[in-house]
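Asks: Sharing a model that was predicted from the sequence below.
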Amino acid sequence: MQFEVVIGLEVHAQLNTKTKIFCSCPTSFGHEPNTNVCSVCLGLPGALPVLNKETVKKSIAFGTAINAKVNKKSIFNRKNYFYPDLPKGYQISQFEIPIVEGGEIYIDFEDGSKKRIGVTRAHLEEDAGKNIHHGSVSYVDLNRAGTPLLEIVSEPDMRSSEEAVLYLKKLHAILRYLDISDANMQEGSFRCDANVSIRPKGETKLYTRAEIKNLNSFKFIQKAIDYEVERQSNAWEDGVYERDVVQETRLYDTEKNETRSMRGKEDSAEYRYFPDPDLLPVVIPDDMMSECTKIPELPDQKRDRFVSEHGIKEYDANVITSSVEMARFYEAMISAGAGAKMSVTWLTVELQGRLVNGTNIVTSPVDAIKLASLVKRIEDGTISGKAGKDVLDYLMQNSIDVDEAIEKLGLKQVSDDGAICAIIDEVIGAHGNKVVEYNAGKVQLFGFFVGQVMKQSKGSANPNKVNDLLKQKLDS
Ligand code: ADP
Ligand code: MG
Ligand code: ZN
């Protein structure tokens, strides 16, 4: 039996506002438990929520970025359930009328093809607190309760774990380009639930899905989906699909690389959603709408512009625009006068390859201006590309200027005609018989002479100069 994989993703992105969604407590991370709380986020009776305007603005920007409809009027609902980290007994979320509806995100495959993934909706909601378990004792920390989340729900349009990861990376980039979320997976500000089902190839109806929670890295998302697909198709082949594949929430165990049943999954009716009587419908004023639909250049547009304006390959442009930090770094190199294609290589291959042990493009000891200076020194012939690598190694360890490093390492190319001619004369003198052969028509010996001159100069001679001068001498 041939199966088709069907995946829909729900992402909870924490919006990077200073304060929570319905009170003025700070959203900052890593404080003493239960210090960033008030009567509203503690869920004390009678405390009234007040919507944080910034969350609406950021949602409008997001809706605009994914070509969605931003609803001028949306509604907050109560989603009722009990859990110790939810003191009110309900979560304020959006249900029938979310703020954002019907968008799209394009994913790019390595071979240059693209695929559209539909985004069903994005709605605003508050985060819950956190339960912390120590042996037989459990604690509740409500610092996170009331943190604003944008839940972004995709259509079940992905057909492999690879597509799921491409979608998540693109979504991650969009949030960061818009600067509406830190989208930090380790800190939990970008969390993903994967809904996974299979169906016989050719069928269009949706089969039973399992929802996998607790996915906090792209690598684990891919592995968890692959495991789940395998589990479901094995169940089918073994004739136990009906028994083993049920609508449920599963947890991914990163150590054992398996998913395990956590609980049966409620249908939305169980949550008894109803409009929150403490909150008015959200009505976006026209001026706010037009202000917030002005958004910065997004990854896809930047990629297309880099291809058309800089003449770089689409693949490279995708790599560079995959993160806003990398795109900014590249643009700063170009502004500083480095050539477009050289900048691609020196950024994505040479610098990236040297960013190890937790350093990244933001904390890199060599910034865009410095890397651009290095590229310019290669472009103007001061050093060779090979020497450039040594200079970069040195710059990664030592905080000095590019020209100083070149000087210190003695890597300056000899471009002075006199010095190169002297070496050429020496080489010609030492290989008289080869010169005779060359003059008799064995022109392929030219490479031999170039090699000898380069060797004599210990690699420091400017190869273009060597070529020109050698040609003049031999052919005169
Ligand atoms: P809930 O919020 O209860 O999890 P939704 O109907 O909002 O339910 O769906 C959540 C996600 O599940 C969406 O991303 C959707 O695309 C995906 N989904 C729904 N049915 C399937 C299915 N059969 N297989 C895979 N994904 C599915
Ligand atoms: Mg869900
Ligand atoms: Zn509060």
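Replies: All right, it came through fine. Ligands and ions are numbered 1, 2, ... in the order given.

Asks: Give me every residue in the stretch 51-200 of the chain lying close to ligand 1.
Replies: Taking C-beta under 6 Å from any ligand atom as the contact definition, the stretch 51-200 of the chain meets ligand 1 at 153-156, 195-197. Placement of C-beta: from N, CA and C, glycine included.

Asks: and with 5 Å instead?
Replies: 153-154, 156, 195, 197 (C-beta under 5 Å from any ligand atom).

Asks: between the residues you listed, which is nearest Lys114?
Replies: Distance to Lys114 across these (C-beta to C-beta) is lowest for Ser154, with 15.9 Å.

Asks: Got the confidence number for the closest residue to the closest one other than its chain neighbours?
Replies: Ranked by C-beta to C-beta, 6 or more residues apart in numbering and with sequence neighbours excluded, the top spatial neighbour of Ser154 is Leu9, at 4.8 Å. Per-residue pLDDT puts Leu9 at 98.

Asks: ok, and does stretch 203-210 reach over to ligand 1?
Replies: Yes - contact of stretch 203-210 with ligand 1 (C-beta under 5 Å from any ligand atom) involves 206, 209.

Asks: ok, the residue of the stretch 301-450 of the chain found nearest ligand 3 - how many residues close by?
Replies: Here the stretch 301-450 of the chain gets closest to ligand 3 at one residue, Val324, 30.5 Å apart by C-beta to the ion. Residues lying near Val324 (other C-beta atoms under 10 Å) number 20.

Asks: unless I'm mixing things up, it is touching Leu175, no?
Replies: No - assessed by C-beta atoms under 8 Å, Val324 is found out of contact with Leu175, at 9.5 Å.

Asks: Which one of the residues of the stretch 51-200 of the chain next to ligand 1 is nearest to ligand 3?
Replies: Val153 (26.7 Å).

Asks: returning to what we had before: got a list of what the residue of the stretch 301-450 of the chain closest to ligand 3 touches?
Replies: Residues in contact with Val324 (C-beta atoms under 8 Å, 6 or more residues apart in numbering) are 173, 176-177, 299.

Asks: Over to Ile428?
Replies: By C-beta under 8 Å, 6+ apart, the neighbours of Ile428 are 435, 449, 473-474.

Asks: re earlier: identify the bridge partners of the residue nearest to Ser154.
Replies: Ala194 (DSSP bridges).

Asks: On the three-state scheme, the residue in the stretch 251-400 of the chain that ligand 3 sits nearest to is what?
Replies: Proximity of the stretch 251-400 of the chain to ligand 3 (C-beta to the ion) peaks at Asp278, 14.3 Å away. With DSSP: H, G, I helix; E, B strand; the rest coil as the basis, Asp278 sits in coil.

Asks: wait, doesn't it sit right on Pro49?
Replies: Yes - contact criterion C-beta under 8 Å: Asp278 and Pro49 qualify, at 5.7 Å.

Asks: ok, and the most crowded of the contacts of Val324?
Replies: Pro299 (25 neighbours).

Asks: who's in contact with the residue in the chain that ligand 1 sits nearest to?
Replies: For the chain, the residue closest to ligand 1 is Gly8, as judged by C-beta to the nearest ligand atom, at 2.2 Å. Neighbouring residues of Gly8 by C-beta under 8 Å, 6+ apart: 153-158, 195, 209.

Asks: secondary structure class for Val140?
Replies: Val140 is classified as strand under three-state DSSP.

Asks: give me the number of residues near it?
Replies: Around Val140 there are 17 residues (other C-beta under 10 Å).

Asks: wouldn't it be in contact with Asn131 here?
Replies: Yes - applying C-beta under 8 Å as the test, Val140 and Asn131 come out as touching, 5.8 Å apart.

Asks: okay, and for the chain, where does confidence drop off?
Replies: Judged against pLDDT under 70, the chain has no low-scoring part.

Asks: returning to what we had before: among the contacts of Ile428, which one sits closest to Asn184?
Replies: Phe449 (57.6 Å).

Asks: Flag every buried residue along the lengthiest helix in the chain.
Replies: Counting residues, the longest helix found in the chain (DSSP state H) is helix 218-237. Within helix 218-237, the residues that count as buried by 16 or more other C-beta atoms under 10 Å are 218, 220-229, 231-233, 235-236.

Asks: Let's see whichever helix or strand comes after it as CSV, backbone CA atoms only.
Replies: Scanning forward in sequence from helix 218-237 by DSSP states H and E, the next helix or strand is helix 241-244. Extracted C-alpha coordinates of helix 241-244, given in CSV (Å, rounded to 0.1, in the frame of the first residue of the first chain):
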residue,chain,number,x,y,z
TYR,A,241,-5.1,0.9,12.2
GLU,A,242,-8.6,1.4,13.7
ARG,A,243,-7.4,0.3,17.1
ASP,A,244,-4.1,2.2,17.2
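
Asks: And helix 241-244, what does it pack against?
Replies: The contact analysis (3 or more C-beta pairs under 8 Å, 6 or more residues apart in numbering; DSSP states H and E) places helix 241-244 against helix 218-237.

Asks: if we look at the helix it packs on, which residues are touching it?
Replies: 1, 3, 5, 7, 161-162, 164-165, 168-169, 185, 192, 194, 196-198, 210, 212, 215, 241, 243-245, 250, 252, 254, 257-259.

Asks: so of the residues you listed, which ones are in strands?
Replies: Counting by DSSP state E, the part of the contacts of helix 218-237 found in strands is 3, 5, 7, 192, 194, 196-198, 210, 212, 215, 250, 252, 258-259.

Asks: Nearest to ligand 3 among the residues you listed?
Replies: For these, the nearest to ligand 3 is Cys192 (26.5 Å; C-beta to the ion).

Asks: All the helices of the stretch 51-200 of the chain, residue numbers only.
Replies: 53-65, 161-178 (DSSP state H, counting those that start in this stretch).

Asks: tell me what the longest one is packed against?
Replies: Contacts of helix 161-178 with other secondary structure elements, assessed using 3+ C-beta pairs under 8 Å, 6+ apart, are made with strand 3-14, helix 53-65, strand 100-108, strand 114-126, strand 190-200, helix 218-237, helix 299-310, helix 324-335.

Asks: Out of these, the one nearest Ser136 is which?
Replies: Per C-beta to C-beta, nearest to Ser136 of the helices and strands packed on helix 161-178: strand 190-200, 27.8 Å.

Asks: still on that earlier bit, who has more neighbours out of Asp278 and Pro49?
Replies: The residue with more neighbours, out of Asp278 and Pro49, is Pro49; 19 against 15, by other C-beta under 10 Å.
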